[in-house]
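**Student:** Okay, here's the prediction I keep looking at, along with the sequence it came from:
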Amino acid sequence: MLISRFAKSLLVSAAFVIAAAGAHAEGIGASLLTQQHPFYNELAKAMTAEAKAKNVPLEISIANQDLNKQLADIEDFIVKGVDVIVMSPVDSKGALAAVMRAQAAGIKVITVDVPVEGAQVASYIGTDNYAGGVKAGELMAEQLGNKGNVAIIDYPLVQSVVNRVNGFKEAIAKHPDMKIVSIQTGITRAEALAVAQNMLQANPDINGIFGFGDDAALAAAVAVKSANLSGKVKVIGFDGMPEALGAVDKDPDMVGVIQQFPDQMGKLAVDTAIKVSAGETVPAEQPIVPGVYTKK
């Protein structure tokens, strides 16, 4: 059973509980990837609000991009006997063991934003990342006049990012005068900044950079300016952070963002968990079509 208590603050607490009396006393356990990104804060807020509205206990633990912590949090949910586990995996492959462990204990698993590779879960809810990657590639081609050299800042441990990058590559491949000249991993904003600087130094003829997420894209825009290439390199992000949307409006180098909708994902995750707990059938995949945000 989950212990009822109310979170004092989402942003300062690594784990919090919202509990209320309801039909499903054991409730929902959620393990989210991080609390250091606005996307996941919005996701958590939406889950919290929907659980409260539906009178269902919800406990959220934050892995903060630490797979070992996520595995421990999932084990804790199993011991507590939650009805359903909702998770955004830190590592798409590394989280498989936790999913198998939960399922062996008779607990249904729903993945949100990031899928688990090799697992059959009750439902996957997330942006159609491949379609988003295609949209990013098409936008890049449009911005560059269908010709030029492009670089990608990647995060290959996460399957959703792999799908984004694959979609981007597919779109770029349709333009014979466009070439991807560099793909490097830059997970944090600091790492992405260093990667972008290195790519621009090694390939001074780069015309565009696709960041797997908004942090990577914002870092790339800084690198473009520090290399005195402002106005010469187009940067596209993926997520829809307020900071990134603001940069698209004001920064000449940030030309667009593929926009996700974490509020929709969070609400749908809780609603799906309630249905699964009640024994209802839910779709195996529930994709949410991303938007494209460009300069007004």
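**Tutor:** Sure thing, it's come through.
**Student:** Which parts of the stretch 51-200 of the chain are strands?
**Tutor:** Listed in chain order, the strands of the stretch 51-200 of the chain (DSSP state E, counting those that start in this stretch) span residues 58-62, 84-87, 108-112, 123-127, 148-154, 178-185.
**Student:** Export the shortest one to PDB, keeping only CA atoms.
**Tutor:** Read it as strand 84-87. The C-alpha trace of strand 84-87 is given here as PDB (Å, rounded to 0.1, in the frame of the first residue of the first chain):
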ATOM      1  CA  VAL A  84       0.600  -0.100 -12.300                       C
ATOM      2  CA  ILE A  85       4.100   1.300 -12.900                       C
ATOM      3  CA  VAL A  86       4.600   4.200 -15.300                       C
ATOM      4  CA  MET A  87       8.100   4.800 -16.400                       C
END
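**Student:** Any stretches of the stretch 1-150 of the chain with poor pLDDT?
**Tutor:** Residues of the stretch 1-150 of the chain meeting the criterion pLDDT under 70: 1-26.
**Student:** ok, now with 50
**Tutor:** Residues of the stretch 1-150 of the chain meeting the criterion pLDDT under 50: 1-25.
**Student:** Now do the buried residues in stretch 217-234.
**Tutor:** Using 16 or more other CB atoms under 10 Å as the test for burial, stretch 217-234 gives 217-224, 227, 233-234. Placement of C-beta: from N, CA and C, glycine included.
**Student:** First-to-last residue distance for it?
**Tutor:** End-to-end distance of stretch 217-234 (CA to CA, to the nearest Å): 10 Å.
**Student:** ditto for stretch 63-70
**Tutor:** By CA to CA, the extent of stretch 63-70 from end to end equals 5 Å.
**Student:** ok, and for that stretch, which residues are buried?
**Tutor:** Neighbour-count burial for stretch 63-70, with 16+ other CB under 10 Å as criterion, is recorded at 63, 65, 67, 69-70.
**Student:** tell me the centre residue of this protein?
**Tutor:** By CA atoms, centre = their mean, the chain has its centre lying nearest to Asp113, at 5.1 Å.
**Student:** which residues touch Gln197?
**Tutor:** 223, 226-227 (CB atoms under 8 Å, 6 or more residues apart in numbering).
**Student:** now, which of those residues lie within helices?
**Tutor:** 223, 226 (DSSP state H).
**Student:** With distance to Gly81 and pLDDT added, can I get the contacts of Gln197 in CSV?
**Tutor:** Shown next, in CSV, are the contacts of Gln197 (distance: CB to CB, whole Å; pLDDT from 0 to 100):
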residue, distance to Gly81, pLDDT
Ala223, 49, 98
Ser226, 53, 97
Ala227, 55, 96
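**Student:** Identify the neighbouring strands of the host helix or strand of Phe210 in the sheet and state each direction.
**Tutor:** Here Phe210 sits within strand 206-211, counting by DSSP states H and E. Sheet pairing for strand 206-211, assigned by DSSP bridges, gives strand 148-154 (parallel), strand 234-239 (parallel).
**Student:** what does the last one contact?
**Tutor:** Right, the one you point to is strand 234-239. Residues from elsewhere that reach strand 234-239, judged by CB under 8 Å, 6+ apart: 37-39, 132-133, 136, 139-140, 143-144, 164, 207-214, 216-218, 220-221, 224, 244, 253-260.
**Student:** can you do 7 Å?
**Tutor:** With CB atoms under 7 Å, 6 or more residues apart in numbering as the test, strand 234-239 has contacts from 39, 132, 136, 139-140, 143-144, 164, 207-214, 217-218, 220-221, 224, 244, 253-258, 260.
**Student:** swap in stretch 262-274?
**Tutor:** Applying CB under 7 Å, 6+ apart, the set of residues contacting stretch 262-274 from outside is 28, 39, 42-44, 46-47, 50-51, 54, 56, 84, 86, 110, 112-113, 123, 125-126, 282, 286, 288.
**Student:** try 6 Å this time
**Tutor:** For stretch 262-274, contacts defined as CB atoms under 6 Å, 6 or more residues apart in numbering pick out 28, 39, 42-43, 46-47, 50-51, 84, 86, 110, 112, 123, 125, 282, 288.
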